[in-house]
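how does the following fold in three dimensions:
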Amino acid sequence: MNTKEEILLRLRQNEGYLSGEQLSEALGVSRAAVWKAITSLRDAGYEIDSATNRGYRLVSSPDVLTPEEVGYGLQTKTLGAKIFAFAEVDSTNEEAKRQAQCGAPDGSVFIAERQTGGKGRLGRAWKSPEGTGIWFSILLRPSLLPTEISNITLLAGIAVCRAVRSVTGCEACIKWPNDVVIGSRKICGILTELAAEIDRVEYIVLGIGINANMEAFPGELAEKATSLRMEAGKSFSRAAVLRAVLEELEPLLKKAQMGNALSYVLDEYKSLCISLHRRVGFFWDGKKQTGTAVDISPLGELIVELDEGGHVAINAGEVVVQGIYGQVLPEAWKTNQ
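From the prediction side, this is the model:
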């Protein structure tokens with residue numbers, strides 16, 4: 001850690017005042033260096049009180065997603081051991097892939113305050129306004145076969161739901177396979193990308209975007225999207241939410257290394273899956289189909305009882321769910337394709 005980071009850590013760990021002399025002696029730097037670091041912290045948004053003959057005291061921290069803020073108090077061993085934070089990138093997933101090629105370690109986390117080219121499933125644009133969302137990607141280097149990684153996205157959905165519920169109290173649920181919703185509107189999207197050979201996964205990039213402190217959404221998004229702030233009626237520390245996601249996800253990923261991790265949490269996934277027992281629309285065997293979602297298989301497939309009879313197990317693709325994002329079958333489903 002540099003001098004600024006050391007001083008911030010010591011101020012956090014001390015409830016009272018720390019004098020410039022104490023900090024200078026403890027860190028082996030000059031009083032001028034201490035003052036410079038304090039000034040830099042204040043410029044970054046930290047409220048630091050100073051009193052003659054007493055020293056400095058940390059009053060409050062800004063809502064920023066820096067390595068210092070996210071890493072402080074983080075209870076993980078691998079996820080977040082290395083944190084890269086940016087004011088702006090094209091996409092945290094793209095940045096993670098670039099860093100993966102340069103040898104970034106397993107568990108590295110890439111965060112951006114703003115994305116200029118964020119994307120979701122099926123190549124859709126993902127809006128990433130500055131200062132209100134949590135836009136990040138996790139680089140994973142698991143010892144898994146390419147055929148074994150499909151459930152990681154589902155595990156991420158569970159981790160986000162757990163984190164949102166624990167930090168905010170909001171009843172977050174999952175729209176199959178991995179959109180996280182509150183009520184009928186989306187608060188989080190998850191996009192998994194991988195580089196692999198036939199028998200080996202080089203790396204996985206798990207991209208997660210959470211609508212945290214937005215006050216409103218424009219136009220047609222208002223019916224489809226919401227935020228933690230809108231649902232709870234107050235804003236939240238974005239760093240605290242991100243820490244909670246990483247802490248919930250790490251043990252789930254450890255189980256994934258042992259095989260079909262979803263089998264350990266299948267009942268929980270089903271209880272969180274808001275798609276179940278609703279009418280759904282999708283493409284199957286080249287034609288439009290409708291039915292009722294009745295179950296989740298041990299492999300994470302959505303089991304649908306078709307209106308025309310029989311059952312199918314869907315493992316990929318777009319599924320429109322009655323009542324979610326304001327959609328009503330069949331009209332909304334037909335216009336959505």
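
which residues does the nearest residue to Ile314 once chain neighbours are set aside contact?
Nearest residue to Ile314, sequence neighbours excluded (Cβ to Cβ, 6 or more residues apart in numbering): Leu302, at 4.5 Å. Placement of C-beta: from N, CA and C, glycine included. Neighbouring residues of Leu302 by Cβ atoms under 8 Å, 6 or more residues apart in numbering: Trp176, Pro177, Ser275, Val280, Ala293, Ile296, Ala313, Ile314, Asn315, Val319.

recalculate using a threshold of 7 Å.
Trp176, Ser275, Ala293, Ile296, Ile314, Val319 (Cβ atoms under 7 Å, 6 or more residues apart in numbering).

quick one: the second one is in a strand?
No - assignment of Ser275 by DSSP: H, G, I helix; E, B strand; the rest coil gives coil, placing it outside any strand.

if we can go back for a sec, ok, the contacts of Leu302 vs Gln99, which is closest?
In terms of Cβ to Cβ, no member of the contacts of Leu302 lies closer to Gln99 than Trp176, at 30.9 Å.

just the helices in the stretch 1-150 of the chain please.
Ranges of helices within the stretch 1-150 of the chain are 3-13, 20-27, 31-43, 67-71, 92-101, based on DSSP state H, counting those that start in this stretch.

and the shortest one, what does it pack against?
What it means is helix 67-71. Judged by 3 or more Cβ pairs under 7 Å, 6 or more residues apart in numbering; DSSP states H and E, helix 67-71 is in contact with strand 83-89, helix 238-256.

what about that helix, distance to the chain center?
15 Å (Cα atoms, centre = their mean, to the nearest Å).

same check on the last one?
Here helix 92-101 is found 16 Å from its chain centre; the criterion is Cα atoms, centre = their mean.

would you mark the buried spots in that helix?
For helix 92-101, a neighbour-count test (16 or more other Cβ atoms under 10 Å) marks Thr92, Asn93, Glu94, Glu95, Ala96, Lys97, Gln99, Ala100 as buried.

where does the stretch 101-250 of the chain have low pLDDT?
118-128 (pLDDT under 70).

any idea what Ile48 is bridged to?
Judged by DSSP bridges, the bridge partners of Ile48 are Leu58.

contact partners for it?
Ile48 touches Ile38, Leu41, Arg42, Tyr56, Arg57, Leu58, Val59, counting by Cβ under 7 Å, 6+ apart.

strands of the stretch 101-250 of the chain, residue ranges please.
Here the stretch 101-250 of the chain has its strands, by DSSP state E, counting those that start in this stretch, at 109-115, 133-140, 172-175, 179-182, 185-197, 200-211.

save those as JSON lines, and put in distance to Glu68 and mean neighbour count too.
Putting the strands of the stretch 101-250 of the chain into JSON lines (distance: least, Cβ to Cβ, whole Å; neighbours: other Cβ atoms under 10 Å) gives the following:
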{"stretch": "strand 109-115", "distance to Glu68": "12", "mean neighbour count": "24"}
{"stretch": "strand 133-140", "distance to Glu68": "15", "mean neighbour count": "26"}
{"stretch": "strand 172-175", "distance to Glu68": "27", "mean neighbour count": "23"}
{"stretch": "strand 179-182", "distance to Glu68": "27", "mean neighbour count": "24"}
{"stretch": "strand 185-197", "distance to Glu68": "24", "mean neighbour count": "20"}
{"stretch": "strand 200-211", "distance to Glu68": "20", "mean neighbour count": "22"}
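
export those strands as a markdown table, with columns for distance to Glu6.
Formatted as a markdown table, the strands of the stretch 101-250 of the chain follow (distance: least, Cβ to Cβ, whole Å):
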| stretch | distance to Glu6 |
| --- | --- |
| strand 109-115 | 22 |
| strand 133-140 | 25 |
| strand 172-175 | 37 |
| strand 179-182 | 37 |
| strand 185-197 | 34 |
| strand 200-211 | 30 |
